[in-house]
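Participant: Would you be able to build a 3D model of this:
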Amino acid sequence: MEVKLVARTLELIELFAQERRPMPLTELAQGLGAPMSSCLALVRTLVARGYLYEVRRRAGYYPTPKLHALCGSIQSGDPWMERVRPQLAALRDAANETVMLGKIQDGAVLFLDMAESTHPVHYATRPGVRRPLHTSAVAKAILARLGPAERESILADAEYERYTDRTLGTRQALLDEVERTAARGWAENAGESVADLTGLAVALDLGGEWYALCMAGPTSRVAERRAENLRLLTETAEAIRLGREA
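Facilitator: Predicted coordinates for the structure are as follows:
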């Protein structure tokens, strides 16, 4: 259940990230789909707290560096990302495909961090993106490490919307694929979320919690080099688990 004021504040931040320019109050209200009075109150609060400033009279508002500085301080204290981030960059450099660390959170896959491929055509995502369980190699890799009761609990409210003709359309189809994943030790999303996109993932235990390391990109590159990509994923996951340097 969302808290409306919190959701609207986050949407305001995301709107600035999307537009990347100063915006007057009328545009902010339109972008948020909010009443002018509510938007004005939100903006005034953020200005008073030092998170927004008016670039010049009637020229619009823009975030100050305060939010960026706070985010940097928060990230530097993350117990896992400081260990994982250099490894993600090294894995991306070795495969030149987009790589992510994800976990299952509240009925969906949550991407925690990523390193993006430099190929002109590549899989693009960002930290904080959520993906459906039934179309995610990350979900399959993690579910394969769990017992039947825990799997059922996670999938209790899952929906099975079809995105391509290869999407797993039922719980049983997903569970069958999870069993195959458990047997071979790695997971694959073969065009199940986006046609011609392949994702590979291996599970990773960090402090007793299951995460998964994932690589995704055009099928013509990722699937055709499956053996090499899985070797890189497995070696990187083990290095992260043991806390080695990238």
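
Participant: which stretches of this protein form strands?
Facilitator: Taking DSSP state E as the criterion, the chain carries its strands at 52-54, 61-63, 98-105, 108-115, 130-131, 187-190, 197-206, 209-218.

Participant: tally of neighbours for Glu116?
Facilitator: Glu116 has 16 neighbouring residues, counting by other C-beta atoms under 10 Å. Just so you know, the C-beta spots here come from the backbone N, C-alpha and C atoms, and that holds for glycine as well.

Participant: That one and Val138: what is the separation?
Facilitator: 17 Å (C-beta to C-beta, to the nearest Å).

Participant: in this protein, what secondary structure element scores lowest on mean pLDDT?
Facilitator: Least confident helix or strand, the chain: helix 66-76 with a mean of 78, by mean pLDDT, DSSP states H and E.

Participant: Quick one: residues in contact with that helix.
Facilitator: By C-beta atoms under 8 Å, 6 or more residues apart in numbering, the surrounding residues in contact with helix 66-76 are Ile13, Gly50, Tyr51, Met81, Glu82.

Participant: Only alpha carbons, please: show that helix as CSV.
Facilitator: C-alpha atoms of helix 66-76 as CSV (Å, rounded to 0.1, in the frame of the first residue of the first chain):
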residue,chain,number,x,y,z
LYS,A,66,22.0,18.0,-1.7
LEU,A,67,20.1,14.9,-2.9
HIS,A,68,23.0,13.6,-4.8
ALA,A,69,25.4,14.2,-1.9
LEU,A,70,23.0,12.3,0.5
CYS,A,71,22.6,9.4,-2.0
GLY,A,72,26.4,9.1,-2.3
SER,A,73,26.7,9.0,1.5
ILE,A,74,24.0,6.3,1.7
GLN,A,75,25.5,4.2,-1.0
SER,A,76,28.9,4.2,0.6
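
Participant: Go through it and flag the buried ones.
Facilitator: For helix 66-76, burial by neighbour count (16 or more other C-beta atoms under 10 Å) applies to no residue.

Participant: Tabulate the strands of the chain (CSV), appending distance to Ile142 and mean pLDDT.
Facilitator: Shown next, in CSV, are these (distance: least, C-beta to C-beta, whole Å; pLDDT from 0 to 100):
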stretch, distance to Ile142, mean pLDDT
strand 52-54, 39, 89
strand 61-63, 35, 91
strand 98-105, 5, 94
strand 108-115, 8, 92
strand 130-131, 12, 92
strand 187-190, 8, 96
strand 197-206, 6, 95
strand 209-218, 5, 95
